[in-house]
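Participant: Curious how this folds, go ahead:
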Amino acid sequence: MKIAFIGLGNMGAPMALNLLKAAHALTVFDLNAHAVQSLTDAGARAATSLKAAATDAELVITMLPAAAHVKAVLTGEEGILAGIAKNVTIVDSSTIDPASVKAFAELAKENGNAFVDAPVSGGTGGAAAGTLTFMVGGSAQIYEQVKPVLASMGKNIVHCGDTSTGQVAKICNNLVLGITMAGVSEAMALGEALGIDPKVLGGIINTSTGRCWSSDTYNPFPGVIETAPSTRGYTGGFGTDLMLKDLGLATDAAKLARQPVYLGALAQQLYQTMSTNGAGKLDFSAVIKLYRKDGDA
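Facilitator: Presented below is the predicted three-dimensional model:
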């Protein structure tokens, strides 16, 4: 397919590369010239504007930081909606709030286009390996149309329901993730303070009822899981500021739904403290620094 890919950040760039590997004809656009050059070196074509990127596309995919960026990319004078042909689908893999998704879907519909929300889980490693999980919101018909393309970038492609339910799934998943990471951090720091070897405690948790991804794959205590960001100074993972953003999306959505999120609100404050203290770029598992006596966050 002729695909326009907008947004070549830490997630978008490897996703776009996997589309090239699957032999799609790819046109890319990003404000980062280096990122664009990396993709054109791999075989993509660089567009001079968003409008130009969308003009000949049979599918448009966006991967952007926030809802404000998605809106600007869609509705700018030289934006996607100004160049896209009728009946071409827009797939947004950004993580944004469900209400914005519904608003963007209406704008796209007025322009003659379908808008699908398809946020991802799996991190930069999953993006590079092509093993992401896509949580897709949209009609069953459009889902079947975009699924083969998404399968070039992910291993698990899940239809969540109507438009915006993909984002609902994503923010609920990351709500769990933020809470469990804080819980594992609290337990690991307590164990350290009480004198147990962290590796022994981690091994027990990971073979007992406390087992979860935040412990057995991404343990926040350095050295417990050798491949976790905690063992490399909390670098190269999912940033604290990104987790804070996602928890903010969850708590904002909860307010609209008049649904309590007690633990989510507390977790949000923990990551807010991390960010305020200058640790926003560290992996979110660095939240354990708030619990350890030698923590510097």
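Participant: Compute the distance between the residue nearest to T124 when sequence neighbours are not counted and Y234, please.
Facilitator: The shortest distance from T124 to any residue that is not its chain neighbour, by CB to CB, 6 or more residues apart in numbering, is 5.2 Å, and that residue is N10. C-betas here are computed from N, CA, C, even on glycine. Separation of N10 from Y234 (CB to CB, to the nearest Å): 15 Å.
Participant: that older thread, touching, the residue nearest to T124 and G126? I think so.
Facilitator: No: N10 sits out of contact with G126 when judged by CB atoms under 8 Å, with a separation of 11.6 Å.
Participant: and these two? which has more neighbours close in?
Facilitator: For N10 versus G126, the count of surrounding residues by other CB atoms under 10 Å is larger for G126: 20 against 16.
Participant: in the one helix or strand that one maps to, what counts as buried?
Facilitator: The secondary structure element spanning G126 is helix 123-129 (assigned by DSSP states H and E). Taking 16 or more other CB atoms under 10 Å as the neighbour-count basis, helix 123-129 is seen to contain the buried residues 123, 126-128.
Participant: Please produce CSV containing those, extended by distance to S214 and pLDDT.
Facilitator: Conversion of those to CSV gives the following (distance: CB to CB, whole Å; pLDDT from 0 to 100):
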residue, distance to S214, pLDDT
G123, 13, 83
G126, 16, 91
A127, 20, 94
A128, 22, 94
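Participant: Can you convert the residues you listed into a markdown table and add a column each for distance to D241?
Facilitator: Shown next, in a markdown table, are the buried residues of helix 123-129 (distance: CB to CB, whole Å):
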| residue | distance to D241 |
| --- | --- |
| G123 | 15 |
| G126 | 20 |
| A127 | 18 |
| A128 | 21 |
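Participant: hang on, L256 packs against S100?
Facilitator: No: contact status for L256 versus S100: not in contact, 11.5 Å apart, counting by CB under 8 Å.
Participant: Settle it for me: which of the two has more neighbours?
Facilitator: More crowded of L256 and S100, by other CB under 10 Å: S100, with 20 against 10.
Participant: State the pLDDT value of the more buried one.
Facilitator: According to the model's per-residue confidence, S100 sits at a pLDDT of 96.
Participant: Show the pLDDT at the spatially closest residue to it that is not a sequence neighbour.
Facilitator: Counting by CB to CB, 6+ apart, the nearest residue to S100 once its immediate chain neighbours are dropped is A67, at 4.0 Å. On the pLDDT scale, A67 is placed at 95.
Participant: how about the strands in the protein?
Facilitator: Counting by DSSP state E, one finds strands in the chain at the ranges 2-6, 25-29, 45-46, 59-62, 89-92, 115-117, 120-121, 132-137, 154-161.
Participant: Strand partners (parallel or antiparallel) of the fourth one?
Facilitator: In the sheet, strand 59-62 lines up against strand 2-6 (parallel), strand 89-92 (parallel) (DSSP bridges).
Participant: Between the ones you listed, which one is closest to L266.
Facilitator: Between L266 and those, the shortest gap by CB to CB is with strand 89-92, which sits at 29.8 Å.
Participant: roughly how far out does that closest one sit from the chain middle?
Facilitator: Between the centre of strand 89-92 and the centre of its chain there are 16 Å (CA atoms, centre = their mean, to the nearest Å).
Participant: quick one: buried residues of it?
Facilitator: Residues of strand 89-92 classed as buried: 89-92 (neighbour count, 16+ other CB under 10 Å).
Participant: Could you export these to CSV, including columns for distance to D162 and pLDDT?
Facilitator: Converted to CSV, these look like this (distance: CB to CB, whole Å; pLDDT from 0 to 100):
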residue, distance to D162, pLDDT
T89, 15, 98
I90, 16, 98
V91, 15, 98
D92, 15, 98
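Participant: For L74, state which of these is nearest.
Facilitator: I90 (7.6 Å).
Participant: for the closest one, which residues make a bridge with it?
Facilitator: Taking DSSP bridges, one obtains V60, F115 as the residues bridged to I90.
Participant: could I get the worst-scoring helix or strand of the chain on mean pLDDT in CSV with only the CA atoms?
Facilitator: Considering only helices and strands, the least confidently modelled element of the chain by mean pLDDT, DSSP states H and E is helix 123-129, at a mean of 89. These are the backbone C-alpha positions of helix 123-129, laid out as CSV (Å, rounded to 0.1, in the frame of the first residue of the first chain):
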residue,chain,number,x,y,z
GLY,A,123,7.5,-0.2,24.2
THR,A,124,10.4,0.7,22.0
GLY,A,125,11.6,-2.9,22.0
GLY,A,126,8.3,-4.2,20.7
ALA,A,127,8.2,-1.4,18.1
ALA,A,128,11.6,-2.5,16.8
ALA,A,129,10.8,-6.2,16.9
